[in-house]
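Engineer: fold the following, please.
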Amino acid sequence: MTTQTTEAQLRQLEAERCQAMMAGDKERLQQLLHKDLIHVHAKGQVDTYDSYFASGGFKVNYTRVERSDLDIRVMGDSALMLGRQLLEAVRKASGERIRIDSRVMQVWVREGDTWQQVAFQTTPTEHKVLPAN
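Structural biologist: Next up, the predicted model:
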């Protein structure tokens, strides 16, 4: 498999991760995320794979998750993905609408023919509370 083919595959998997978040598709996310996941959220909270899925659902409903400016560096059976993420969501508890523009670094690993995300770190460049509809 060429580096370009691998990069295209990783872009597709990242698009699927974003879609799964918006759809609340826990099963697809469990397939995309590695069991050794370390996920650092915008406010600094850290989740493992188990804690990420422990609550049975997200604390927000994602209405927009978009990636852009992706730079993918494939290194054998691992890949570093850097880029912008624009996220909009509604907090389930309060109904508050939020928008977070951030820079994200992810690490993907390949085991056999399967790529999974093993690390995620987001650094917000902008965090806004949006007006209610």
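
Engineer: C-alpha only now, for contacts and for neighbours.
Structural biologist: Noted.

Engineer: and the pLDDT for Leu70?
Structural biologist: For Leu70, the model assigns a pLDDT of 97.

Engineer: which residue packs closest to it, ignoring adjacent ones?
Structural biologist: Gly83 (4.4 Å; CA to CA, 6 or more residues apart in numbering).

Engineer: go on, Lys35?
Structural biologist: Tyr49 is the one closest to Lys35 (CA to CA, 6+ apart), at 5.5 Å.

Engineer: just to revisit the earlier point, what lines up beside the strand or helix carrying the residue nearest to Leu70 in the sheet?
Structural biologist: In the assignment (DSSP states H and E), Gly83 maps to strand 78-91. In the sheet, strand 78-91 lines up against strand 60-75 (antiparallel), strand 97-111 (antiparallel) (DSSP bridges).

Engineer: deepest-packed of these, please.
Structural biologist: Highest mean neighbour count of those: strand 97-111, a mean of 19 (counted as mean count of other CA atoms under 10 Å).

Engineer: what residues of whichever helix or strand comes after that one count as buried?
Structural biologist: Toward the C-terminus, strand 97-111 is succeeded by strand 114-130 as the next helix or strand (DSSP H and E). For strand 114-130, a neighbour-count test (16 or more other CA atoms under 10 Å) marks Trp115, Gln116, Gln117, Val118, Ala119, Phe120, Gln121, Thr122, Thr123, Pro124 as buried.

Engineer: now do the fifth one, the pLDDT please.
Structural biologist: Per-residue pLDDT puts Ala119 at 98.
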